[in-house]
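Q: Here's my sequence, what's the structure:
(2 chains)
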Amino acid sequence: GENVEQHPSTLSVQEGDSAVIKCTYSDSASNYFPWYKQELGKRPQLIIDIRSNVGEKKDQRIAVTLNKTAKHFSLHITETQPEDSAVYFCAASNGGRRALTFGSGTRLQVQP
Amino acid sequence: NAGVMQNPRHLVRRRGQEARLRCSPMKGHSHVYWYRQLPEEGLKFMVYLQKENIIDESGMPKERFSAEFPKEGPSILRIQQVVRGDSAAYFCASSPDEDGYTFGSGTRLTVV
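A: Now for the predicted structure:
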């Protein structure tokens, strides 16, 4: 089955800096890659997603890139703010199967 | 639209009791998924259901766990004879026909 690895496990940046989180996946049939933000004690919230027919997608300060050949995808957050502090999870799925395989999470701390 | 509704938010059970977790999907969503999250870990897929059908239960433990999504009413995740290792947050998600989950707020199960 699918295996998703996520790095780093913790990331501390200064307010205003950029943050990058990287994930690799194993199943070449995976074609849907969402990113979720989870604040302490709350539900995961979808922040951005990308499909395998697209190499990059942006939404304001957040961008995701996908390299299908290398089987890795990354989340980029620019101009970080303290409210960006949370745990971020990447995930992958084969659209036909629908179940998401999640990475182990990255705890992002933005220092004011 | 009330979002994905899960109840109860917190559930305490003694070892050997049954736990019953409920999930009402978003209006218009016909796909329901259950995930388990252990402390400090990512979410692990358990089961994917549509109305009256289990589509994918590859993540469900073979014993003590069952799920249903009846024609009327919420989806139910049932854990019989709970053990301490069942303590976790259980998240339900729903989606329309295409990709893009919305998660509920979760049920935090504590087994004492």
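
Q: In terms of helices and strands, where is the residue nearest the centre of chain B?
A: Closest residue to the average C-alpha location of chain B: B:Trp34 at 3.9 Å, with Cα atoms, centre = their mean. Secondary structure from DSSP states H and E places B:Trp34 in strand B:31-37.

Q: just checking, what packs against whichever helix or strand comes after that strand?
A: Of the helices and strands lying after strand B:31-37 in sequence (DSSP H and E), the nearest is strand B:43-50. For strand B:43-50, the elements it packs on are strand A:101-102, strand B:31-37, strand B:53-56, strand B:65-68, strand B:75-79, judged by 3 or more Cβ pairs under 8 Å, 6 or more residues apart in numbering or on different chains; DSSP states H and E. To be clear about C-beta, it is placed using only N, CA and C from the backbone, and glycine gets the same treatment.

Q: Low-confidence ranges, chain B, go.
A: Where chain B drops to pLDDT under 70, the residues are B:1, B:98-99.

Q: For chain A, what's the nearest residue on it?
A: B:Gly42 (4.0 Å; Cβ to the nearest Cβ).

Q: That residue: neighbouring residues, count only.
A: Neighbour count of B:Gly42, defined by other Cβ atoms under 10 Å in any protein chain shown: 22.

Q: Quick one: residues contacting it.
A: Contact partners of B:Gly42, counting by Cβ atoms under 8 Å, 6 or more residues apart in numbering or on different chains, are A:6, A:89, A:102-105.

Q: ok, now B:Arg22?
A: Taking Cβ under 8 Å, 6+ apart, one finds B:6-8, B:74-76 in contact with B:Arg22.

Q: Going by distance to A:Arg98, which of the residues you listed wins?
A: When these are compared for distance to A:Arg98 (Cβ to Cβ), B:Ser75 wins out at 15.0 Å.

Q: Would you mind listing what in chain B touches chain A?
A: B:31, B:33, B:35, B:41-45, B:48, B:55-56, B:58-59, B:91, B:95, B:99-106 (Cβ under 8 Å from any Cβ of the partner chain).

Q: So how do I select the buried members of those in ChimeraX?
A: Entered in ChimeraX, the line below selects the buried ones among the residues of chain B next to chain A, by 16 or more other Cβ atoms under 10 Å in any protein chain shown:
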select /B:31,33,35,42,43,45,48,59,91,95,99,101,102,103,104,105,106
